[in-house]
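Peer 1: no sequence on this one, just coordinates:
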């Protein structure tokens, strides 16, 4: 799902210095549990990969990290976010990236490995969760990743205009996107922080009739010129609840490259854009702050683990 921010809880606690400099040893076999600021976190080792770990919060899978192979993306939605990140600018070019929602820092590690020199800010409301992650899953030395314990929207509102090439939103309070990150005003803040050729991408979740997902697309259509949506066909056809990746930019997106990459995945996804996406949005209207609501509660078992 994605780590970080409880709906209705606006924690703003800035670390005196960036985290991520710990060098503690990784426990190779014993699960680690801890009550964090907003839930109960568990790190579980993967028996099939020597230094790979699954993070859950309140039983919901949040992140998967392989310390020996940081470019390995286990979760389907993370892989799709990775595909988008791979198509931003020239391959391998260093970027400036903001991540809203931290989890186990899967995508920041991915970018540090795939685009050396990238500078990244990770905003995560759960300070204790960040401390757990950097203690047991330490970041590589010189990774260029600064961690901030702060509410995602408040941090974004204080960020300089035109300061990021990419903004990645993967913020869930439990298993729902908090309401104050679902409005058109939030979309405008995201656009303000991005450079003119910047790209916004978000991990969202919904099911038919897609009232929430359509409202999010309507929000970003109000602010950005180009939109795309990536999801499994079964989700788009309304057969089940699932993740969808929203992509927004002011410049044309390389939808052909995204379509090729997502079609080749073990669980293929479809890229919706242009007229097809406008038809999907239908009559949905942007949602203002005063009317914003959290994303829908997933049905039991939608994001469970075996």
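Peer 2: That came through fine. On a predicted model such as this, the values are computed, not experimentally measured, just so you know. Numbers count the residues shown, from 1 in each chain.
Peer 1: how far away is residue 76 from residue 228?
Peer 2: From residue 76 over to residue 228 the distance is 17 Å, taken as CB to CB, to the nearest Å. (Each C-beta comes from the backbone N, C-alpha and C, glycine too.)
Peer 1: and the gap between the closest residue to residue 166 other than its chain neighbours and residue 115?
Peer 2: Nearest residue to residue 166 in three dimensions, chain neighbours excluded: residue 97, at 4.5 Å (CB to CB, 6 or more residues apart in numbering). Going from residue 97 to residue 115 by CB to CB gives 9 Å.
Peer 1: can you tell me the SS state at the closest residue to residue 74 other than its chain neighbours?
Peer 2: Residue nearest to residue 74 in three dimensions, not counting chain neighbours: residue 64, with 3.8 Å by CB to CB, 6+ apart. Of the three states, residue 64 takes strand under DSSP: H, G, I helix; E, B strand; the rest coil.
Peer 1: now the helix or strand hosting residue 260, how far from the chain's geometric center?
Peer 2: In this assignment (DSSP states H and E), residue 260 forms part of helix 255-263. Remark: helix 255-263 is offset 19 Å from the chain centroid, using CA atoms, centre = their mean, to the nearest Å.
Peer 1: from the contact counts, what lies against whatever helix or strand comes next after it?
Peer 2: As assigned by DSSP H and E, the chain's next helix or strand after helix 255-263 is strand 270-273. On a contact count with 3 or more CB pairs under 8 Å, 6 or more residues apart in numbering; DSSP states H and E, strand 270-273 meets strand 226-231, helix 233-236, helix 255-263.
Peer 1: quick one: contacts of the last one?
Peer 2: Yep, that's helix 255-263 we're talking about. 80, 83-84, 86-87, 228, 230, 247, 268-271, 273-274 (CB atoms under 8 Å, 6 or more residues apart in numbering).
Peer 1: give me that answer again for 6 Å
Peer 2: Residues outside helix 255-263 that contact it (CB atoms under 6 Å, 6 or more residues apart in numbering): 83, 87, 228, 230, 269, 271, 273.
Peer 1: residues contacting the first one?
Peer 2: By CB under 6 Å, 6+ apart, the residues touching residue 83 are 258, 261.
Peer 1: for this protein, which segments are assigned as helices?
Peer 2: 76-86, 106-114, 127-136, 152-158, 184-193, 211-221, 233-236, 255-263, 274-281 (DSSP state H).
Peer 1: for residue 209, which of the helices and strands packed on strand 270-273 is the nearest?
Peer 2: helix 233-236 (12.2 Å; CB to CB).
Peer 1: next, the buried residues of that closest one.
Peer 2: 235, 236 (16 or more other CB atoms under 10 Å).
Peer 1: start the count at 54, not 1, going forward
Peer 2: From this message on, residue numbering opens at 54, which makes the last subject helix 286-289.
Peer 1: hmm, who's touching stretch 156-165?
Peer 2: 55-56, 108, 115-116, 118, 123-124, 131, 135, 152, 171, 173, 175, 186, 190, 196, 198.
Peer 1: average pLDDT across that stretch?
Peer 2: Mean pLDDT, computed over stretch 156-165, is 98.
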